[in-house]
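Q: Give me a 3D structure for the following:
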Amino acid sequence: MPTESSATVARSKGRRAPALVAVVVLLGALLTAAPASAEIEDYPSWQPATKCQPKPKPGTAFLGRWLVRNHGGSFGSISRSCTKKNVSSEHHEGRAFDWSLDAAKKADRRRARAFLAQVRATDARGNTDAVGRRMGLMYVIWNDEIYSAWNGYAPEPYLSSSCKTRKKCSKTLRHRDHVHVSLTRAGGRGKTSWFERRMG
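A: Sure thing, here's the model as predicted:
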């Protein structure tokens, strides 16, 4: 089970214009229609952090910049300080980043939904959740919800293990002021098929 600093899971609610959602889903399908590699990765399993190596991995940094450039918002942190005994997040291995968005703002909720729709779109070859799998996306946490690869990136309720109840949980621990994105080790290195035609 992922522990984004010891995490658990939740739900994001928001209405979206059906036409815009359709456009985003179509865009996601088109982006994966002709990858450098026809092979697509399986849904990744959870790869927990085991080492204190917080230096940003190249794929993590690249994806964070790509996300801001294509969807807006701002690029938050990748690295978190750690010791050999304190390794509990993919931030500690440089393969997680925070995308700064505010769940209280309609435009930012729209940005997050657009990215999640893109991640979950089926491509022209019929591969479900094609972009997420090709990125090596393990899970995303946003606005009281987690979208994990082992659950087909379907939203599930999220509550940080640092919080007893949602009411007593901070905006940050509820992931309402940022989107947490965790990658597999291959994704962090930029060694999955999504990165092939982008990082070369």
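Q: quick one: contacts for the closest residue to Lys57 other than its chain neighbours?
A: Spatially, and ignoring its direct neighbours in sequence, Lys57 is nearest to Gly188 (3.7 Å; C-beta to C-beta, 6 or more residues apart in numbering). Every C-beta, even on glycine, is put in place using the N, C-alpha and C of the backbone. The contact partners of Gly188, taken as C-beta atoms under 8 Å, 6 or more residues apart in numbering, are Lys57, Pro58, Gly59, Thr60, Glu90, Glu93, Gly94, Arg95, Gly136.
Q: what pLDDT does the nearest residue to the second one once chain neighbours are set aside get?
A: In space, not counting the residues next to it along the chain, Pro58 is nearest to Gly190; the distance is 4.8 Å by C-beta to C-beta, 6+ apart. Looking at Gly190, its pLDDT stands at 97.
Q: Please report how far Gly190 lies from Met199.
A: 5 Å (C-beta to C-beta, to the nearest Å).
Q: What of Cys82?
A: With C-beta to C-beta as the criterion, Cys82 and Met199 are 26 Å apart.
Q: What of Ser77?
A: Following C-beta to C-beta, the distance that separates Ser77 from Met199 is 21 Å.
Q: Ok, Ala186 next?
A: From Ala186 to Met199 the distance is 12 Å (C-beta to C-beta).
Q: cool, Ser160 as well?
A: Distance from Ser160 to Met199, by C-beta to C-beta: 32 Å.
Q: more crowded one of those two?
A: The residue with more neighbours, out of Ser160 and Met199, is Ser160; 23 against 14, by other C-beta atoms under 10 Å.
Q: That one - nearest residue in space that isn't next to it in sequence?
A: Excluding its sequence neighbours, the residue lying closest to Ser160 (C-beta to C-beta, 6+ apart) is Leu173, at 4.3 Å.
Q: would the one you found count as being in a helix?
A: No - looking at Leu173 with DSSP: H, G, I helix; E, B strand; the rest coil, it is coil, so not inside a helix.
Q: hang on, isn't it packed against Cys163?
A: Yes - using C-beta atoms under 8 Å, Leu173 makes contact with Cys163 at a distance of 5.6 Å.
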